[in-house]
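Asker: Predicted model follows, preceded by the sequence.
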Amino acid sequence: MKHEAAPLSEEAFGPFKRLLENEAGFAVNAAFFSNTLRARMREHGFEKAQAYYAFLTTGSSGKEELKALIEQLTVGETSFFRYQAQWDVLRDVLLPELIRERRLGERSLRCWSAGCCSGEEAYSIAMTVLETLPQVEKWDVRILGTDINNDYLRKAEAGLYSERSVRSVPPDWRQKYFNQVEGRYAVCDAVKRFVRFEQYNLAQDSPADSRVSDVDVLFCRNVTIYFTLESTKRLMEQFAGRLHPGGYLFLGHAETLWQISDRFEPVEFPQTVIYRRMHDGTSPMPEPLLSPRPFLELPQAPLPAKAPDQHVLLFQAWELANQGAYTQAIPLLLKVLEEDNLSDEAYHLLGTLYCRIDQSEKALEAFKRALYVDPINPLAYMNMGSIYRYQRRLKEAERAFKNVLKILDKRAPESRVPFAEDMSCASLRAACVQQLQVLQAGVER
């Protein structure tokens with residue numbers, strides 16, 4: 001029987017950890033890194049980690065292999081219009097604000113999708129601009145997608161996607177902005193003409209790079225969860241220099257600028273937080289006063305055939321939650337739980353909705369009940385940690401995040417997290433590690 005090799009020892013792993021931190025900003029973990037490392041070693045005929053490390057750090061061949069290793073460590077989890085609440089804010093609030101400001105002056109718009117993966121995010125920006133900007137042909141619109149991984153960039157330039165990738169694109173937009181090609185969806189030229197893709201290393205490329213200057217809207221979501229705390233601080237300083245004062249930064253729900261940067265102020269919207277680049281000399285609103293961001297998205301919930309009454313109510317609650325009708329959805333969930341007090345899905349959704357209406361104690365109780373039903377579901381602990389951190393209950397937050405790691409250390413990195421749409425265990429683990437780093441930095445100040 002074949003057994004998976006044990007992770008590298010700390011002594012053997014240390015040089016690789018430092019190398020990847022320096023080259024790509026990554027905070028790599030031995031347990032998750034070892035399998036990828038050994039696969040690359042086998043491919044190049046190395047039996048000992050020390051010999052492979054020497055190869056990586058010597059000559060042009062080693063430099064190319066290091067680049068390939070870094071690309072293999074990147075996680076490509078994305079889809080069109082992921083985190084719908086953020087796209088609603090971009091379409092309904094931020095772009096109209098920029099249009100009003102510039103309609104009589106220089107009609108320009110600069111957007112950057114940093115860590116764009118296979119291009120869905122950059123094309124989502126372009127479609128949103130096309131739907132929002134009147135007389136777009138009279139504007140100078142430039143959207144740049146960058147990533148460290150060349151394979152992802154080739155897919156982005158091709159602009160060819162599966163049914164699953166486009167599942168969150170509104171049906172009329174899908175018909176308007178895509179062509180169907182042999183069962184797949186090809187981004188049409190009307191969208192592509194505004195977007196270009198280039199390789200870019202967020203940890204290494206020059207802050208003076210003219211490709212990414214004077215940016216109005218910057219998306220960098222679920223990238224810094226893989227970075228060390230110091231790399232994230234440097235990156236946010238770089239972003240502050242690239243954005244216009246008053247420009248907007250979109251981060252993933254698992255990311256925070258608390259204890260990381262004072263160059264941005266958080267702007268609270270009903271379902272999400274966006275960061276605004278401050279004008280020099282102004283002070284940010286203290287982020288811990290904001291409500292915690294739950295780690296549970298609100299995807300469409302399929303209605304089972306011949307569903308029992310409580311499943312119908314649960315489906316209706318999901319529908320209301322997706323429409324932002326949180327206070328209407330909550331009584332339906334409470335009714336579901338009267339009929340079935342072991343519905344962990346109902347408890348998770350209830351906790352998320354309580355977060356979004358700023359009732360943190362009720363949210364905590366819901367997530368605790370979800371853990372009673374399933375004691376090894378990491379997402380409930382993750383949400384509890386987030387709530388505790390915003391309540392400044394730092395010891396309890398630390399305990400909750402450490403429980404997440406204990407659970408995830410026993411799971412395959414690529415496996416999915418229950419109730420977290422499209423999130424792998426590797427991504428949730430990285431987010432949790434970042435939360436603990438930020439927490440510790442705050443305690444030490």
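Answerer: On my side now, so go ahead.
Asker: Can you name the helix or strand that the closest residue to residue 431 other than its chain neighbours falls in?
Answerer: Excluding its sequence neighbours, the residue lying closest to residue 431 (Cβ to Cβ, 6 or more residues apart in numbering) is residue 254, at 3.5 Å. Backbone N, C-alpha and C define where each C-beta goes, glycine included. When elements are assigned from DSSP states H and E, residue 254 belongs to no helix and no strand.
Asker: same check, this time on the one 5 residues further on
Answerer: For residue 259, there is no host helix or strand (DSSP H and E).
Asker: Can you report how many residues neighbour it?
Answerer: Residue 259 has 19 neighbours, counted by other Cβ atoms under 10 Å.
Asker: before we move on, what about residue 356?
Answerer: Neighbour count of residue 356, defined by other Cβ under 10 Å: 23.
Asker: go on, residue 61?
Answerer: 11.
Asker: Could you list the domains of the chain?
Answerer: 10-73, 84-282, 309-444 (automatic domain parsing).
Asker: Now tabulate those domains in JSON lines and tack on mean pLDDT.
Answerer: Converted to JSON lines, these look like this (pLDDT from 0 to 100):
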{"stretch": "domain 10-73", "mean pLDDT": "84"}
{"stretch": "domain 84-282", "mean pLDDT": "89"}
{"stretch": "domain 309-444", "mean pLDDT": "86"}
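Asker: residue contacts, the residue nearest to residue 431?
Answerer: By Cβ atoms under 8 Å, 6 or more residues apart in numbering, the contact list for residue 254 reads 222, 225, 295, 427-428, 431, 434-435.
Asker: Find the nearest non-adjacent residue to residue 344, please.
Answerer: Nearest one to residue 344, counting by Cβ to Cβ, 6+ apart, is residue 373 at 4.2 Å.
Asker: surely the one you found meets residue 345?
Answerer: No - the pair residue 373 / residue 345 is not scored as a contact, 9.4 Å apart, by Cβ atoms under 8 Å.
Asker: Which of those two has more residues huddled nearby?
Answerer: Neighbour count, other Cβ under 10 Å: between residue 373 and residue 345, residue 345 has more, with 19 against 16.
Asker: tell me which element that one falls in.
Answerer: helix 344-356.
Asker: so what does that helix touch, helix or strand wise?
Answerer: When contacts are defined as 3 or more Cβ pairs under 8 Å, 6 or more residues apart in numbering; DSSP states H and E, helix 344-356 packs onto helix 309-322, helix 326-339, helix 360-373, helix 378-390.
Asker: what is the orientation angle of the next helix or strand along the chain from the last one with helix 378-390?
Answerer: Pointing back at helix 378-390 there. On the C-terminal side of helix 378-390, the nearest following helix or strand under DSSP H and E is helix 394-408. Angle of helix 394-408 versus helix 378-390, following axes from the mean of the first three to the mean of the last three Cα atoms, to 10 degrees, is 160 degrees.
Asker: List the buried residues of stretch 343-361.
Answerer: 343-356, 359-360 (16 or more other Cβ atoms under 10 Å).
Asker: Need the CA coordinates for stretch 431-445. PDB is fine.
Answerer: Extracted as PDB, the C-alpha positions of stretch 431-445 are listed here (Å, rounded to 0.1, in the frame of the first residue of the first chain):
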ATOM      1  CA  ALA A 431      -6.800  33.100   5.600                       C
ATOM      2  CA  CYS A 432      -6.800  31.700   9.100                       C
ATOM      3  CA  VAL A 433      -3.000  31.900   9.300                       C
ATOM      4  CA  GLN A 434      -3.100  35.600   8.200                       C
ATOM      5  CA  GLN A 435      -5.800  36.400  10.800                       C
ATOM      6  CA  LEU A 436      -3.500  34.900  13.500                       C
ATOM      7  CA  GLN A 437      -0.500  36.900  12.200                       C
ATOM      8  CA  VAL A 438      -2.600  40.100  12.300                       C
ATOM      9  CA  LEU A 439      -3.900  39.300  15.700                       C
ATOM     10  CA  GLN A 440      -0.500  38.700  17.100                       C
ATOM     11  CA  ALA A 441       0.800  41.900  15.500                       C
ATOM     12  CA  GLY A 442      -2.000  43.800  17.200                       C
ATOM     13  CA  VAL A 443      -1.300  42.300  20.600                       C
ATOM     14  CA  GLU A 444       2.400  43.100  20.400                       C
ATOM     15  CA  ARG A 445       1.800  46.800  19.600                       C
END
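Asker: returning to what we had before: switch the helices and strands packed on helix 344-356 over to JSON lines; also include distance to residue 105.
Answerer: Converted to JSON lines, those look like this (distance: least, Cβ to Cβ, whole Å):
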{"stretch": "helix 309-322", "distance to residue 105": "38"}
{"stretch": "helix 326-339", "distance to residue 105": "39"}
{"stretch": "helix 360-373", "distance to residue 105": "43"}
{"stretch": "helix 378-390", "distance to residue 105": "39"}
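Asker: closest one to residue 250 among these?
Answerer: For these, proximity to residue 250 was assessed by Cβ to Cβ; helix 378-390 is nearest, at 18.2 Å.
Asker: Return the distance of the closest one from the chain's centre.
Answerer: Its chain's C-alpha centre and that of helix 378-390 lie 17 Å apart, by Cα atoms, centre = their mean, to the nearest Å.
Asker: before we move on, what about stretch 132-148?
Answerer: Worked out by Cα atoms, centre = their mean, stretch 132-148 lies 22 Å from the chain centre.
Asker: List the contacts of that stretch.
Answerer: 24, 70-71, 74, 91, 95-96, 99, 106-117, 119, 121-122, 125-126, 129-130, 153, 156, 194-202, 211-212.
Asker: are any of the residues you listed buried, and which?
Answerer: With neighbours counted by 16+ other Cβ under 10 Å, the contacts of stretch 132-148 contain buried members at 24, 70-71, 74, 95, 99, 109-117, 119, 121-122, 125-126, 129-130, 153, 156, 194-195, 197, 200, 202, 212.
Asker: In strands only, show me those.
Answerer: Judged by DSSP state E, strands contain the following of the buried ones among the contacts of stretch 132-148: 109-114, 195, 197.
Asker: same for the helix or strand harbouring residue 238, what does it pack against?
Answerer: Applying DSSP H and E as the criterion places residue 238 in helix 229-242. Identification of packing neighbours for helix 229-242 by 3+ Cβ pairs under 8 Å, 6+ apart yields strand 215-219, helix 425-444.
Asker: Kind regards, and thank you for your time.
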